[in-house]
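In: coordinates for the following, if possible.
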Amino acid sequence: MTLPNNTEKPGSLRTWLDFIEGINPDDIDLGLNRVGAVFSALNLESYFRSIPVIEVAGTNGKGSTCAFIASVLNNAGIKTGLYTSPHLTRFNERVEIGGVIVSDEELTSAFTEVHECCNGIKLTYFEYTTLAALVCYRNAGVKAAVLEIGLGGRLDAVNILDADIAVITSIGLDHTRILGDTIEKIAFEKAGIIKKDKVCVTGIVEDKVKAVIKEICAKNQADVFFETDDFNHSFDEKVYTFIDANGQRKYHAPRIPEICVASSLKVIDLLKQRGIVISDEDINRALDTTALPGRMQKVHEKPSVYLDVAHNPPAAVHLRDTLKNKNSKGKKIAVIGMLKDKDIESVLNILSGSFDSYHVASLHTQRGEHKDRLKKTLILCSVPQDLVKSYDYVEEALNCAYSEASADDEIFVLGSFVTVKEAVDALAKNNYQEK
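Out: Residues are numbered from 1 along each chain as shown. Reported below is the predicted structural model:
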């Protein structure tokens, strides 16, 4: 592992990424002490105490929630730092300022600054990237920060910030080896982002999750607002209605919004109560334009091709329900690749009745699952064998799905960020034509 040369000038972004990607996380103890020490050495604390900070944790919906809140704030003229992960095509996608992805030069400078403040402290990949993002935001003078928690919450590097508003979008069984094997244990980890005397907002969560969150909020003397209990929403004929104790507010929504819009709007309300000026038009524009790569992202017409990173049971349920409510003229065709440490059986069982045919592919990463397990699982879930075809690569699966599809059909690529990334590369390489 070669360290970038900082003695004369910063190395390239690729050099920095090669360096941090080569760090073995198993050699570093978990906890916030190390990243917190570098955070202090960078003199970041006073800056981020001076601006609104929103942290978003949850099993699903984190990225879209972050993107929507940041979009509203940017529309209101509040330059906002947005931090999400993972990326699809370029690392820079993780770090946005004012709705614009940061440059290689900004990231290179930030990584250099972080490394110079380490003083022998070892950091993980995600700790390096989080601190570099915070340096970018400070250097650019952002007026608000919206940050997605990468995994869990309590021990996540983002949690070094004293967030004004903690958002928990959803809680489901995922990453159980790391976060715990029960809903309550996972809720405890994710609720670790709730800070003393601050505020928590949640999406729709079950009662035993509410109990955990209420207990942690009580210990921290933090206010909490639960979707369905304290606020709600409805959607009808392109009108999105947000409902809470202050009444109803109606917004224009040209398409069915993401499932976490209600909790996002509650966050916006809380920011407005603190004197931040945000108009209904700022919200309408965000509802109209906010999109996150790989979340039911339409990338091709005739046939339609959608990219969706659904990879756990709650995401699969959301995708299944979305497909059920979708008016389609033609067939629905799935292209699926998954990671072996996900709950493959549950995900495929949930989706087993949602498509007219299935094209499954192996993923060639350390965690990638083989096509044979996916095919066998679908057949065990009562999908007829002749409707399941298997391939060595996602590109082959997508090519065959495209060749079998008519103009009115819809192809859905799903199962992992890796799957979606390979599909994006295949789309660019093959230049599929409209039929």
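In: so where do the strands sit in the stretch 251-400 of the chain?
Out: 297-300, 304-308, 332-336, 357-361, 388-391 (DSSP state E, counting those that start in this stretch).
In: what is the burial count for Leu374?
Out: 25 (other Cβ atoms under 10 Å). C-betas here are computed from N, CA, C, even on glycine.
In: now mean neighbour count, distance to Val56 and mean pLDDT too, for the strands of the stretch 251-400 of the chain, in JSON lines please.
Out: Below are these laid out as JSON lines (neighbours: other Cβ atoms under 10 Å; distance: least, Cβ to Cβ, whole Å; pLDDT from 0 to 100):
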{"stretch": "strand 297-300", "mean neighbour count": "16", "distance to Val56": "19", "mean pLDDT": "87"}
{"stretch": "strand 304-308", "mean neighbour count": "22", "distance to Val56": "19", "mean pLDDT": "91"}
{"stretch": "strand 332-336", "mean neighbour count": "26", "distance to Val56": "27", "mean pLDDT": "96"}
{"stretch": "strand 357-361", "mean neighbour count": "26", "distance to Val56": "31", "mean pLDDT": "96"}
{"stretch": "strand 388-391", "mean neighbour count": "20", "distance to Val56": "35", "mean pLDDT": "96"}
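In: next up, the contacts around Ala397.
Out: Val335, Ile336, Gly337, His359, Val360, Ala361, Lys389, Tyr391 (Cβ atoms under 8 Å, 6 or more residues apart in numbering).
In: tell me which element the residue positioned nearest the centre of the chain is part of?
Out: Central residue of the chain (Cα atoms, centre = their mean): Gly63, 3.0 Å from the mean position. Here Gly63 sits within helix 62-75, counting by DSSP states H and E.
In: now do the contacts for Ala163.
Out: Val53, Ile54, Glu55, Leu147, Ile193, Lys195, Lys198.
In: change it to 7 Å
Out: If you count contacts by Cβ atoms under 7 Å, 6 or more residues apart in numbering, Ala163 has them with Val53, Ile54, Glu55, Ile193, Lys195, Lys198.
In: pLDDT wise, what is it at?
Out: Note on Ala163: pLDDT of 96.
In: check the gap between Asp392 and Tyr47 for me.
Out: In this structure, Asp392 and Tyr47 are 49 Å apart, going by Cβ to Cβ, to the nearest Å.
In: more neighbours: which of the two?
Out: Tyr47 (16 against 12).
In: pretty sure the more buried one contacts Arg138?
Out: Yes: counting by Cβ atoms under 7 Å, Tyr47 does reach Arg138; the two are 4.9 Å apart.
In: and the helix holding Gly63, what does it pack onto?
Out: For helix 62-75, the elements it packs on are strand 53-57, strand 80-83, strand 144-148, helix 261-273, helix 280-289, judged by 3 or more Cβ pairs under 7 Å, 6 or more residues apart in numbering; DSSP states H and E.
In: what's it in contact with?
Out: Contacts for helix 62-75 (Cβ under 7 Å, 6+ apart): 54, 56, 80, 82, 84, 98-99, 144, 146, 148-149, 167, 169, 258, 260-261, 263-264, 267-268, 278, 282-283, 285-286, 289-290, 292, 295.
In: between it and strand 144-148, how many degrees?
Out: In terms of direction (axes from the mean of the first three to the mean of the last three Cα atoms, to 10 degrees), helix 62-75 departs from strand 144-148 by 170 degrees.
In: same question for helix 62-75, mean pLDDT?
Out: On average, helix 62-75 scores 94.
In: contacting residues for Ala405?
Out: Pro303, Ile333, Ile411.
In: separation between the residue nearest to it when sequence neighbours are not counted and Ser403?
Out: Excluding the flanking residues, the one nearest Ala405 by Cβ to Cβ, 6 or more residues apart in numbering is Pro303, at 4.0 Å. Pro303 sits 10 Å away from Ser403, going by Cβ to Cβ.
In: buried stuff in stretch 418-432?
Out: Val418, Thr419, Val420, Lys421, Glu422, Ala423, Val424, Ala426, Leu427, Tyr432 (16 or more other Cβ atoms under 10 Å).
In: put the alpha carbons of that stretch into CSV.
Out: Taking Å, rounded to 0.1, in the frame of the first residue of the first chain, the C-alpha atoms of stretch 418-432 are listed here in CSV:
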residue,chain,number,x,y,z
VAL,A,418,-22.8,-3.7,-7.9
THR,A,419,-25.5,-5.0,-10.2
VAL,A,420,-26.7,-1.5,-11.0
LYS,A,421,-23.2,-0.2,-11.6
GLU,A,422,-22.5,-3.1,-14.1
ALA,A,423,-25.8,-2.3,-15.8
VAL,A,424,-24.8,1.4,-16.2
ASP,A,425,-21.5,0.3,-17.8
ALA,A,426,-23.4,-2.1,-20.1
LEU,A,427,-25.8,0.6,-21.2
ALA,A,428,-23.0,3.0,-22.0
LYS,A,429,-21.0,0.3,-23.8
ASN,A,430,-23.8,-1.2,-25.9
ASN,A,431,-25.8,2.0,-26.8
TYR,A,432,-29.2,0.3,-26.9
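In: give me the contact list for it.
Out: Contacts for stretch 418-432 (Cβ under 7 Å, 6+ apart): 88-89, 294, 299-300, 307, 309, 335, 337, 363, 365, 368, 394-395, 398-399, 402, 413.
In: helices - which of those land there?
Out: Val394, Glu395, Leu398, Asn399, Tyr402 (DSSP state H).
In: now rank these by neighbours and give me the top one.
Out: Most neighbours among the ones in helices among the contacts of stretch 418-432, by other Cβ under 10 Å: Val394, with 29 neighbours.
In: mind checking the end-to-end distance for stretch 121-130?
Out: End-to-end distance of stretch 121-130 (Cα to Cα, to the nearest Å): 15 Å.
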